[in-house]
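Enquirer: Got a predicted model here, sequence first, then my questions.
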Amino acid sequence: MDLTLSPSEQQFREEVRGWIEANHPGPEPEAGLEEVMAFRREWQQKMHAAGWAGISWPKEYGGRGATMIEQAIFVGEASRLEAPSPANVLGLAMGGPVVIAHGTDAQKQRYLEPILTAEEIWCQGFSEPESGSDLASLKTRAVKDGDEWVVTGQKVWTTFAQYAKWCMLVARTDPDAPKHKGLTYFLMDMELEGVEAKPLVQITGEGEFNEVFIEEARIPDENVIGEVGGGWSVAITTLMNERAGLAFGAIAQVANGLKRLGALAAETRTNGGTAAEDPVIRQRLAQLYIEAETMRLNAYRGLTKTMQSGIPGPEGSLGKWQWADINQRMAELALDIEGAYAPLARGDEHAIAGGAWQYSFLRSRANSIEGGTTDILKNIIAERVLGLPKMR
């Protein structure tokens, strides 16, 4: 594993850095999710016009044909410079790659370009009440009726479903088959009759997650991705792209957070000096820096394996687990540094993610749940990376 960038990769990083610095639209609006999504859509359209949306997609599908290392460089630089997220992050990172890998020519022609332009936002309909981490136990049913599938069920924790045009939906089409083999992967139009998204208000006051209720919605047979009954393998492709795509952006995000945390410790006065001079605080900071570096090196290890196999592997689960853990403990340490009245604070110059450390503390509670719970990720790493015996 060689962590040294080649001259062409160095040049690519400088190009990325220069473009983002010249076109950065500034911080996201604080008025609400509607304004944030409009802001992100405009940013993604600017990215697409310059050839930066879906850069790792093949050129024939509107991408840049960038290498995996170049993709990692772009994501890392965008996060380091705190560029906004694109509006269609799930479509770019998961939906598009899945259609490219498993879709028909007609599906590629229909769906890929509107993903890149953010004309059509995508969401992910996997988790359900009582079957979130155990995806194969889902209960949403799809019954064939002529050239359509009649779908009934409920999904939950569906990010930005209220703004989405398309949902990557997994439903049970064969109730008699083993639970992993009776699933089919659909693209469901969120504007269909019988489909309703209801935002779930989080402890941050935002409603980015949703419940999705589906009552006899009729999905055309042409909207099946892959084979009927073959939805499990398509879903795994989706999840591996999700977790692998997180790594390098998360690394830069953690690095930015640690810089702010170090500055907070250096400037916060205590009885004996600054928080940075407290040996316990220093040890906790040092441990976070060590774990962040471990996360970075593991991400490169995972990238190397992906480059060898051509597809993201289970190693992406490790980076997601590490990121969730580090992010939560950074926010906890920040509030400890700020002191007993920290939960009452409204914000300071060390604000991140559109708010202060208090916002980060609240929002980070979701990190160990979204994108795969930490317990499930540990099982994946144990079984598929370390080769340990299965739980059951």
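Expert: Yes, it's here.
Enquirer: Now do the domain split for the protein, please.
Expert: In the domain annotation for the chain, the residue ranges read 7-117, 122-229, 234-385 (automatic domain parsing).
Enquirer: Could you dump these into CSV with mean pLDDT and mean neighbour count added?
Expert: For every residue, glycine as well, the C-beta is placed using N, CA and C. Formatted as CSV, the entries for the domains of the chain read as follows, by pLDDT from 0 to 100; neighbours: other Cβ atoms under 10 Å:
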stretch, mean pLDDT, mean neighbour count
domain 7-117, 93, 18
domain 122-229, 94, 19
domain 234-385, 83, 18
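Enquirer: Helices of the stretch 51-200 of the chain, start to end?
Expert: Along the stretch 51-200 of the chain, counting by DSSP state H, counting those that start in this stretch, helices occupy 68-80, 89-90, 96-102, 105-117.
Enquirer: Which secondary structure elements does the shortest one sit against?
Expert: Meaning helix 89-90. In terms of contact count using 3 or more Cβ pairs under 8 Å, 6 or more residues apart in numbering; DSSP states H and E, helix 89-90 is assigned the packing partners strand 122-125.
Enquirer: The strand it packs on pairs with which strands, parallel or anti?
Expert: Strand 122-125 has these partner strands in its sheet, going by DSSP bridges: strand 166-172 (parallel).
Enquirer: hmm, back to that, between the helices of the stretch 51-200 of the chain, which gets nearest to Trp166?
Expert: Among the helices of the stretch 51-200 of the chain, helix 105-117 comes nearest to Trp166, with 7.2 Å by Cβ to Cβ.
Enquirer: The closest one versus strand 166-172: what angle between them?
Expert: For helix 105-117 against strand 166-172, the angle between stretch directions is 130 degrees (axes from the mean of the first three to the mean of the last three Cα atoms, to 10 degrees).
Enquirer: what distance separates helix 105-117 from the centre of its chain?
Expert: When distances are taken as Cα atoms, centre = their mean, to the nearest Å, helix 105-117 is centred 21 Å away from the chain's centroid.
Enquirer: Likewise for stretch 27-42?
Expert: Its chain's C-alpha centre lies 18 Å from the corresponding centre of stretch 27-42 when counted by Cα atoms, centre = their mean.
Enquirer: can you check stretch 358-374 too?
Expert: Here stretch 358-374 shows a centroid-to-chain-centroid distance of 12 Å under the convention Cα atoms, centre = their mean.
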